[in-house]
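>>> no FASTA, just this:
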């Protein structure tokens, strides 16, 4: 009997999701034993033509990580959707846009200008900016065309399941792999379409062991300004922690180590916009009813958009700035 086929692809991403797959340690051998790995550019030498030649729906499962930032990303998203029975948005870039999605706070031209002309380390006297097509003596060189707006995978193709995280925790990946192998081996039904796998229905706060006393605060402080009490809620110590607006599943590892949650597991169940949820959470701890004082307290947060929407801007109600 032929093995089920597995594909893994990265689009606009850092490679952390691929490393997280390797972090499942010995279980990666179970994956290699059970699946026929037909496409994984990060780890093996595959060509796009290999995928294009595959019959439609011949890939049993595709784990797609990375946001959609270019026409190349979009082509592979459509192609892998066409070739896959099950397509999973793997990691926060694919599910919410993640860090690449913060590019939506500006525009493509501004990013290119800064990267190639204005950054302190740039030495580009000829002011060359990469173009989609460049003529050289040997012929034309083409590179992918970047989009002005970054989109999560879930906005460009139909996605069956989501595994959140930046990256997803290795224990959650292992649990999902065990479940998939069990389903395929024993003919069990798949979870309902749209299910968020490898995560909980509650928030990071529900996994956090720090003590909460419903304490109000007069200002927000940055993590380097204090040595936080290891037993008390970081928010109640004045450190902005997005745990109240973040889906659980990570085991609150950052918070347990004294680092505030930044929201990489995305919006909790039933929440459409993590940033708006975070604004509500902050309002509940501010110790003031005076509008001017509240403005001063909020002003102590140096980067509200980057703090509240660090991982979810591209999939939020805002999606992008009008620039």
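Yes, it's here. Bear in mind that the values here come from a model prediction, so they are computed numbers and not experimental data.
>>> CA only for contacts and neighbour counts going forward, please
OK.
>>> What segments of the protein are helices?
Assigned helices in the chain, in chain order: 16-22, 27-34, 48-52, 71-83, 92-96, 108-113, 170-186, 204-207, 253-256, 274-283, 291-298, 304-308 (criterion: DSSP state H).
>>> Comparing these, which stretch has the densest surroundings?
helix 92-96 (a mean of 32; mean count of other Cα atoms under 10 Å).
>>> And the pLDDT for the spatially closest residue to residue 238 that is not a sequence neighbour?
Nearest residue to residue 238, sequence neighbours excluded (Cα to Cα, 6 or more residues apart in numbering): residue 220, at 4.5 Å. On pLDDT, residue 220 comes in at 92.
>>> Also residue 285?
89.
>>> ok, the closest residue to it other than its chain neighbours - how many residues close by?
Leaving aside its sequence neighbours, residue 285 sits nearest to residue 216 (Cα to Cα, 6+ apart; 4.7 Å). Applying the criterion other Cα atoms under 10 Å, we find 17 residues in the vicinity of residue 216.
>>> Would you confirm that residue 216 contacts residue 286?
Yes. Proximity of residue 216 to residue 286 meets the contact threshold set by Cα atoms under 8 Å, at 5.6 Å.
>>> where along the stretch 101-250 of the chain do the strands fall?
Applying DSSP state E, counting those that start in this stretch to the stretch 101-250 of the chain gives strands spanning 133-136, 139-142, 146-151, 161-163.
>>> Show me what the second one pairs with in its sheet, parallel or antiparallel.
Yep, that's strand 139-142 we're talking about. In the sheet, strand 139-142 lines up against strand 133-136 (antiparallel) (DSSP bridges).
>>> residue contacts, residue 52?
residue 79 (Cα atoms under 8 Å, 6 or more residues apart in numbering).
>>> Would you quantify the distance from it to residue 193?
Distance, residue 52 to residue 193, using Cα to Cα, to the nearest Å: 26 Å.
>>> Any idea how many residues pack against residue 129?
11.
>>> where does the closest residue to it other than its chain neighbours land on pLDDT?
With sequence-adjacent residues excluded and distances taken as Cα to Cα, 6+ apart, residue 129 is closest to residue 116, at 6.2 Å. pLDDT for residue 116: 96.
>>> mind checking pLDDT for the residue of the chain most remote from its centre?
Largest separation from the mean C-alpha position in the chain: residue 137, at 40.7 Å (Cα atoms, centre = their mean). Note on residue 137: pLDDT of 92.
>>> residue contacts, the residue nearest to residue 129?
Contacts of residue 116 (Cα under 8 Å, 6+ apart): 122, 124, 127, 128, 129.
>>> try residue 214
236, 285.
>>> how close does it sit to residue 229?
With Cα to Cα as the criterion, residue 214 and residue 229 are 15 Å apart.
>>> again, but for residue 300
21 Å.
>>> who has more neighbours, those two?
Using other Cα under 10 Å as the criterion, residue 300 and residue 229 rank with residue 300 on top: 14 against 11.
>>> Against residue 219, how distant is the more buried one?
Taking Cα to Cα, one finds residue 300 at 7 Å from residue 219.
>>> same deal with residue 127?
Applying Cα to Cα, the value for residue 127 to residue 219 is 44 Å.
>>> In terms of neighbours, single out the busier of those two.
Just comparing residue 127 and residue 219: by other Cα under 10 Å the higher neighbour count belongs to residue 219, 19 against 12.
>>> nearest residue to the more buried one other than its sequence neighbours?
residue 297 (5.0 Å).
>>> So the one you found sits against residue 220, correct?
Yes. Using Cα under 8 Å, residue 297 is in contact with residue 220, at 6.8 Å.
>>> Counting neighbours, what do you get for residue 196?
Based on other Cα under 10 Å, the number of other residues close to residue 196 is 19.
>>> where's the residue nearest to residue 238 relative to residue 281, distance?
13 Å.
>>> what residues are up against residue 131?
Here residue 131 is in contact with 142, 143 (Cα under 8 Å, 6+ apart).
>>> give me phi/psi at it?
Phi and psi for residue 131, reported as degrees, to the nearest 10, are phi -120, psi 150.
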